[in-house]
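*Asks:* What follows is a predicted structure for the sequence shown.
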Amino acid sequence: MNIPIYLDNNATTPMDPRVLEAMLPYFNEKFGNAASRNHPFGWVAEEGVDYAREQVAKLIGATDKEIIFTSGATESDNLAIKGVFEMYKEKGNHIITTVTEHKAVLDACKHVEKLGGKVTYLPVKEDGLVDLAVLEAAMTPETILVSVMYGNNEIGVIQPIKEISAIAHKYGALFMTDAVQAVGKIPVDVNADGIDLLALSAHKIYGPKGVGALYVRRKGPRVKVTAQMDGGGHERGMRSGTLNVPGIVGLGKACELCGLEMESEAKRLSALRDKLEKALTVLEESYVNGNVEHRLPHVANISFKYVEGEGLMMAMKDLAVSSGSACTSASLEPSYVLKSLGLSDDLAHSSIRFGLGRFTTEEEVDYAVAVTLKAVTHLRELSPLWEMFKEGIDLNSIEWAEH
Amino acid sequence: MAYSDKVIDHYTNPRNVGTLDKSSHKVGTGLVGAPECGDVMRLQIQVDDNNVITDAKFKTFGCGSAIASSSLATEWLKGKSIDDAMKIDNMDIVEELALPPVKIHCSVLAEDAIKAAINDFRVKNGLAPIESEKVHH
């Protein structure tokens, strides 16, 4: 067992050696530009890209012509939202999304607002799921796009995608999903799920950083997005720029491996996750955040009341995890996702996210449990809030001096 | 962000963790910060008849820098007169622990806790609290 233990697989994943192996020839021997149509160097590179396109398409039930390669999911989200807004603005100017989306979606929507668009940011229920009635009530004849993430990066909850897309379509809007955390982890099928646009990323599924894709539906309806970058007209005119051939080959291989191993891997990871969660919620005043039935197999987000997340992580220095505490980010606010669930600030400050992955072993999970139990106990001994709680003092009865 | 060795030392081996009898008129208690902000410090001092701090204890809910700042404060307080304790400046803590700019608020909180504990002691003993006019860095 190597220390520190990596349990932050929602942030990024280590590359699978089989992915690396598939990529290597495309750095030197097969270095050609996939757009070079007139010599074998270009043909070989294009062949690699075409094969990868099929591998990506297969994982999400799409066809190869519907896959647009990008630099990652942030770009895919931007291209989808801004691109749809620009393409369909004659039809309407309203977009609906949720408050728990990734910043790439939220900030792309803010940009659309600056361009004169209207955006509704739907709240979520206490368990992190979208309320379908609230969504339906927000739909207007002007609504051109509904964008709801598939699985949440912080708490792992899976949205009712089929139901959401059905509502969007009922009102003539397109449905887009940021599926970065879901693709490769659980079955995602663009047709069964009614998805018109889907963003995915390679580095969350054991592929390389700096490459991702946007699925753009071609049939029923044929969806178009306005390119956000000008240039050579690559990727059917939707995304200019010389293709990152090694990265794309890696993304393809990563998708293929996920397709082959997802089912058994999801079972293994959810068993490990449940083991971890069960062992940690033995602690008094510890709470699992988000819906526990509809969620990704590998994520556990737990708040340990009366200890602060960053202080806790310092005591867990042998574990690489993340926290919703404000202290871990540049802002002074704790996680906006946890706060959207109605969590009080102090519980949001006390949260730790454990993200398991393909290379996580049971031995590592056992070790993580032991380290976490010890750290929480240690910090509670230092915590005046824990002492007050133990003395039966209601913390809400105290007038805290905000600073 | 990497922590300084001194922060890690105080965090790993915090000095003077504990609780003094807050009902004693020889004990001053300062409770500052707020759970919503992610840090709460409770600092207590035991004062003898010569106005010298003979013991100091803390408990802190917060990040490593907040815990280290309060641990350091208790170390500095022991043996100091009340008057000298009032002179402890948050920037002294910043310097000693090599706190980065984003963690300066932890030292401010520790200074506030010291002043709150001293004022609690003063009020208990029939003295007016000292108003702090200092503008924090």
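*Replies:* Received, thanks. Numbers count the residues shown, from 1 in each chain, chains lettered A, B, ... in the order given.
*Asks:* Contacts for stretch B:113-128 next, please.
*Replies:* Stretch B:113-128 is touched from outside by B:25-32, B:41-45, B:47, B:58, B:70, B:73, B:77, B:82, B:85-86, B:88, B:129-130, B:132, with contacts defined as Cβ atoms under 8 Å, 6 or more residues apart in numbering or on different chains. Glycine gets a C-beta too; all of them are placed from N, C-alpha and C.
*Asks:* same question, stretch B:96-106
*Replies:* Residues outside stretch B:96-106 that contact it (Cβ under 8 Å, 6+ apart) are A:330, A:403, B:1, B:4, B:6-7, B:10, B:39, B:62-63, B:65-66, B:68-69, B:72, B:90, B:93-94, B:107, B:137.
*Asks:* Would you mind listing the buried residues in it?
*Replies:* Within stretch B:96-106, the residues scored as buried using 16 or more other Cβ atoms under 10 Å in any protein chain shown are B:96-97, B:99, B:103-106.
*Asks:* same check, this time on stretch A:65-72
*Replies:* For stretch A:65-72, burial by neighbour count (16+ other Cβ under 10 Å) applies to A:66-72.
*Asks:* Show the end-to-end separation of that stretch, please.
*Replies:* 18 Å (Cα to Cα, to the nearest Å).
*Asks:* mind checking how far that stretch is from the chain centre?
*Replies:* 17 Å (Cα atoms, centre = their mean, to the nearest Å).
*Asks:* Quick check: mean pLDDT of it?
*Replies:* Regarding stretch A:65-72, the rounded mean pLDDT is 98.
*Asks:* can you list contacts of it?
*Replies:* Residues from elsewhere that reach stretch A:65-72, judged by Cβ under 8 Å, 6+ apart: A:49, A:53, A:56-57, A:76, A:79, A:190, A:201-203, A:209-218, A:235-236, A:238-239, A:243-244, A:248, A:251.
*Asks:* Quick check, residue A:134 in contact with residue A:122.
*Replies:* Yes: counting by Cβ atoms under 8 Å, residue A:134 does reach residue A:122; the two are 6.0 Å apart.
*Asks:* if I've got this straight, residue B:28 is in a strand?
*Replies:* Yes: applying DSSP: H, G, I helix; E, B strand; the rest coil, one finds residue B:28 inside a strand.
*Asks:* residue contacts, it?
*Replies:* So residue B:28 contacts B:44-45, B:47, B:117-122, B:124 (Cβ under 8 Å, 6+ apart).
*Asks:* Would you mind measuring from the residue of the stretch 1-150 of chain A found nearest chain B to residue A:317?
*Replies:* The minimum distance from the stretch 1-150 of chain A to chain B, using Cβ to the nearest Cβ, falls at residue A:4 (14.0 Å). Applying Cβ to Cβ, to the nearest Å, the value for residue A:4 to residue A:317 is 7 Å.
*Asks:* who has more neighbours, the two?
*Replies:* More crowded of residue A:4 and residue A:317, by other Cβ atoms under 10 Å in any protein chain shown: residue A:317, with 15 against 12.
*Asks:* can you give me how far the strand or helix carrying residue B:73 is from the chain middle?
*Replies:* Element membership for residue B:73 (DSSP states H and E) is helix B:64-77. Relative to its chain's centre, helix B:64-77 lies at 6 Å (Cα atoms, centre = their mean).
*Asks:* picking up where we left off before, which among the buried residues of stretch B:96-106 gets closest to residue A:29?
*Replies:* Using Cβ to Cβ, residue B:103 is the member of the buried residues of stretch B:96-106 that lies nearest residue A:29, at 50.4 Å.
*Asks:* show me what contacts residue A:130?
*Replies:* By Cβ under 8 Å, 6+ apart, the residues touching residue A:130 are A:98, A:122, A:124, A:148, A:159-160, A:164.
*Asks:* Show the buried residues in those.
*Replies:* A:98, A:122, A:124, A:148, A:159, A:164.
*Asks:* So which of those sit within helices?
*Replies:* For those, the ones inside helices are residue A:164, with DSSP state H as the criterion.
*Asks:* how about JSON lines for the buried ones among the contacts of residue A:130, with pLDDT and distance to residue A:32 added?
*Replies:* Formatted as JSON lines, the buried ones among the contacts of residue A:130 follow (pLDDT from 0 to 100; distance: Cβ to Cβ, whole Å):
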{"residue": "A:98", "pLDDT": "98", "distance to residue A:32": "42"}
{"residue": "A:122", "pLDDT": "98", "distance to residue A:32": "46"}
{"residue": "A:124", "pLDDT": "97", "distance to residue A:32": "47"}
{"residue": "A:148", "pLDDT": "98", "distance to residue A:32": "39"}
{"residue": "A:159", "pLDDT": "98", "distance to residue A:32": "41"}
{"residue": "A:164", "pLDDT": "98", "distance to residue A:32": "42"}
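*Asks:* out of the buried ones among the contacts of residue A:130, what pair is the most spread apart?
*Replies:* That would be A:124 and A:164, which, of these, are the farthest apart (Cβ to Cβ) at 12.0 Å.
*Asks:* Kindly reformat the contacts of residue A:130 as TSV containing distance to chain B.
*Replies:* Output for these, formatted as TSV (distance: Cβ to the nearest Cβ, whole Å):
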residue	distance to chain B
A:98	24
A:122	25
A:124	21
A:148	29
A:159	28
A:160	32
A:164	33
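*Asks:* now the residues you listed as CSV including distance to residue A:312?
*Replies:* Converted to CSV, the contacts of residue A:130 look like this (distance: Cβ to Cβ, whole Å):
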residue, distance to residue A:312
A:98, 28
A:122, 32
A:124, 25
A:148, 31
A:159, 29
A:160, 33
A:164, 35
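*Asks:* Going by distance to residue A:184, which of the residues you listed wins?
*Replies:* Nearest to residue A:184 among the contacts of residue A:130, counting by Cβ to Cβ, is residue A:159 at 17.1 Å.
*Asks:* The closest one: what's it in contact with?
*Replies:* Taking Cβ under 8 Å, 6+ apart, one finds A:129-130, A:148-152, A:294 in contact with residue A:159.
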